[in-house]
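1. Predicted structure and sequence below. I'll ask about it afterward.
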Number of protein chains: 2
Amino acid sequence: ELLEQIALFFQAPDQRCNAELPGRGLKITLTAGPTQEPLDPVRYLSNHSSGKMGFALAQAAAELGAKVHLIAGPVQLSTPPGVQRVDVVTAQEMLESCQQLQAQTDIFIACAAVADYRVESIADQKIKKQPGQQEMLLKLVENPDILATLATSQSSRPFCVGFAAETQAVEDYARRKLEKKNLDAIIANDVSDTRIGFGSDHNQVTFIYREKGEFYQEALPLASKIDLSRQLLLKIFKLYSKQDLTRS
Amino acid sequence: ELLEQIALFFQAPDQRCNAELPGRGLKITLTAGPTQEPLDPVRYLSNHSSGKMGFALAQAAAELGAKVHLIAGPVQLSTPPGVQRVDVVTAQEMLESCQQLQAQTDIFIACAAVADYRVESIADQKIKKQPGQQEMLLKLVENPDILATLATSQSSRPFCVGFAAETQAVEDYARRKLEKKNLDAIIANDVSDTRIGFGSDHNQVTFIYREKGEFYQEALPLASKIDLSRQLLLKIFKLYSKQDLTRS
């Protein structure tokens, strides 16, 4: 605990004393990792998100001077210095945590790979295989769309940034997602490329945003997730400050 | 690499030079961890097995002088010294690895939490949520039963030990599983008890075995997974040597 404090003191000096930091005064909430949707006490449905991109963004945001809340699904990562972390398991728990922080969030960045569907009814006991039962139908129901829920809020809507992890027609899907969910910006990446994305320490993304009804698109070069996070956050802060001026 | 060799030299001296070790000359194959059954390139069905019990058994078996192969599902654990590890993802891959080793296996210990079902057809691309699709039916088909496959083999059948991780009527289910799958012994534990089992470093189990058509049952006290592994292996080796004498 004391060691952590000392490490924090040396790792993030800018955060404490430099009023010039671009994230100064901003309250950022991020989601990261997968969600797990239980079938019974032992089985679950999930996905391959490692949480690395969301954790890198949280670290970079704190280093840039922002106040950061990180809502994390089940991942094997340690909390970046200066970041407030909330651990959740299911999409429903993640939504509740985001809504609790919504009123105190300027910028919401949804990096988690939230399960689209959950199992309709979770069994209290481990489901037993019935003799000779060669097939099983699993009825799934739609999970809440966390990002769309916050982006279409009637009150205290934060500036909303999404991710689009796709395996085909990446930028096309991303642009449609931006429109449909009423986002301010979206970060698209191709997870079929095994050099980057899920589990990797590197990523290559396209930053897509809307300004006065027009779409803009910037392809960023392959970089480490932490370097990429700094670049993306500077772009997001700039966009946010313009929109903030427009609004006020 | 050199450091690993040096560490191995000091950690497992008995294995190299003590002919009195109870596992000396035995070839043991173990499975550990969960399996992951993909829906598409990003989603999967899995379970909460941490692999700790199987890895502890592999470590203890190597320390007791046996030649150990460990077939591991996706887990966050390092390979115990002296153990040959094979990494797999799905139940089908795990079965293939077990069958490849079967002819050179004296004792087979199935500790992995193998998914009973897999998705009927795996999508090549990430499955897209269709607008307004509030429900989804996932058709699952039965996976091969790895333990039963090896235990009912007509040739080179190893001595077979299973695990029964249950949340209710634990010993009853375990005994039925032992009979149905034609096992020599089964290790039963109650995973609804959060102090033990999945993810924990401790476990409390009941060892159930058959000898001359009779069932025997021994409840072992709560212990660390490594201590418990040593106790269980000594019981297994004793049973195996008796049966081996009967056979020859």
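-> That came through, no problem.

2. What lies in contact with stretch A:87-98?
-> Residues outside stretch A:87-98 that contact it (Cβ atoms under 8 Å, 6 or more residues apart in numbering or on different chains): A:29, A:31, A:35-38, A:71-74, A:86, A:108, A:112, A:114-115, A:118, A:143-144, A:146, A:149-150. Glycine gets a C-beta too; all of them are placed from N, C-alpha and C.

3. To clarify, my last question referred to stretch A:194-208.
-> Under Cβ under 8 Å, 6+ apart, the answer for stretch A:194-208 is A:48-50, A:52-53, A:165, A:170-171, A:174-175, A:178, A:185-191, A:193, A:215-225, A:228, A:232, A:235, B:42.

4. If any of these are buried, put those into a ChimeraX selection.
-> Selecting only the buried entries of these in ChimeraX, with 16 or more other Cβ atoms under 10 Å in any protein chain shown as the criterion:
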select /A:48,49,50,52,53,165,170,171,174,175,178,185,186,187,188,189,190,191,220,223,225,228,232,235 /B:42
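
5. didn't residue A:133 look like it was pressed against residue B:140?
-> No - the criterion here is Cβ atoms under 8 Å, and residue A:133 misses it with residue B:140 at 9.9 Å.

6. The two: which has the busier surroundings?
-> residue B:140 (19 against 12; other Cβ atoms under 10 Å in any protein chain shown).

7. who touches the closest residue to residue A:41 other than its chain neighbours in this structure?
-> In space, residue A:41 comes closest to residue B:167 once its chain neighbours are excluded; the distance is 5.5 Å by Cβ to Cβ, 6 or more residues apart in numbering or on different chains. Contact analysis of residue B:167 by Cβ under 8 Å, 6+ apart lists A:41, A:42, A:125, A:126, B:190, B:191, B:192.

8. What of residue A:83?
-> Counted by Cβ under 8 Å, 6+ apart, residue A:83 has contacts A:58, A:59, A:61, A:62, A:68, A:69, A:70.

9. could I get those residues as a markdown table with distance to residue B:100 and pLDDT?
-> Compiled in a markdown table, the contacts of residue A:83 are given as follows (distance: Cβ to Cβ, whole Å; pLDDT from 0 to 100):
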| residue | distance to residue B:100 | pLDDT |
| --- | --- | --- |
| A:58 | 44 | 98 |
| A:59 | 44 | 98 |
| A:61 | 49 | 98 |
| A:62 | 49 | 98 |
| A:68 | 49 | 98 |
| A:69 | 49 | 98 |
| A:70 | 44 | 98 |
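
10. Among those residues, which are located in strands?
-> A:68, A:69, A:70 (DSSP state E).

11. The second one - how many residues pack around it?
-> When neighbours are counted by other Cβ under 10 Å, residue A:69 registers 22.

12. interface residues of chain A facing chain B?
-> A:39, A:41-49, A:76, A:113, A:115-117, A:120, A:125-126, A:128-129, A:133-142, A:165-168, A:173, A:191-192, A:198 (Cβ under 8 Å from any Cβ of the partner chain).

13. Who are the contact partners of the spatially most central residue of chain A?
-> Per Cα atoms, centre = their mean, the C-alpha nearest to the average position across chain A is that of residue A:111, at 1.8 Å. Counting by Cβ under 8 Å, 6+ apart, residue A:111 touches A:30, A:31, A:32, A:53, A:54, A:57, A:163.

14. if we go to 6 Å?
-> A:30, A:31, A:32, A:53, A:54, A:163 (Cβ atoms under 6 Å, 6 or more residues apart in numbering or on different chains).

15. repeat for residue A:187
-> With Cβ under 6 Å, 6+ apart, residue A:187 has these contacts: A:163, A:205, A:207.

16. ok, what's across the strand from it?
-> residue A:163, residue A:207 (DSSP bridges).

17. Pull the residues that contact the longest helix belonging to chain A.
-> Counting residues, the longest helix found in chain A (DSSP state H) is helix A:225-247. Outside helix A:225-247, the residues within contact range by Cβ under 6 Å, 6+ apart are A:22, A:52-53, A:56-57, A:60-61, A:64, A:107, A:159, A:161, A:201, A:203, A:207, A:209.

18. Farthest-apart pair in these, please.
-> A:159 and A:201 (27.5 Å; Cβ to Cβ).

19. higher neighbour count, the two?
-> residue A:159 (23 against 12).

20. after the lowest-mean-pLDDT helix or strand in chain A comes which helix or strand?
-> Lowest by mean pLDDT, DSSP states H and E among the helices and strands of chain A is helix A:13-17, with a mean of 50. As assigned by DSSP states H and E, the chain's next helix or strand after helix A:13-17 is strand A:27-32.

21. Does anything pack onto that following strand? Which helices or strands?
-> Applying 3 or more Cβ pairs under 6 Å, 6 or more residues apart in numbering or on different chains; DSSP states H and E, one finds that strand A:27-32 contacts helix A:52-63, strand A:67-72, strand A:107-110.

22. now that strand and helix A:52-63, what's the angle there?
-> Counting by axes from the mean of the first three to the mean of the last three Cα atoms, to 10 degrees, strand A:27-32 points 160 degrees away from the direction of helix A:52-63.

23. Contacts made by strand A:27-32 with the rest, please.
-> A:51, A:54-55, A:57-58, A:61, A:66-72, A:101, A:104-112.

24. give me the low-pLDDT residue ranges for chain A?
-> Within chain A, the stretches with pLDDT under 70 are A:1-19, A:196-198, A:244-248.

25. if you set the cut-off to 90 instead, what comes out?
-> A:1-20, A:41-42, A:121, A:123-137, A:165-172, A:189-203, A:210-215, A:242-248 (pLDDT under 90).

26. Could you check how far the nearest residue to residue A:84 once chain neighbours are set aside is from residue A:79?
-> Distances taken as Cβ to Cβ, 6+ apart place residue A:69 nearest to residue A:84, at 4.8 Å, with adjacent residues excluded. Note on residue A:69: its distance to residue A:79, by Cβ to Cβ, to the nearest Å, is 11 Å.

27. Equivalent analysis for residue A:142, please.
-> From residue A:142 to residue A:79 the distance is 31 Å (Cβ to Cβ).

28. and what of residue A:189?
-> 24 Å.

29. Can you get me a residue count around the nearest residue to residue A:182 once chain neighbours are set aside?
-> With Cβ to Cβ, 6+ apart as the criterion, residue A:182 has its nearest non-adjacent residue at 4.5 Å, and that residue is residue A:151. Each residue near residue A:151 was counted by other Cβ under 10 Å, and the total is 22.

30. do residue A:123 as well
-> 15.

31. ok, it - contacts?
-> residue A:40.
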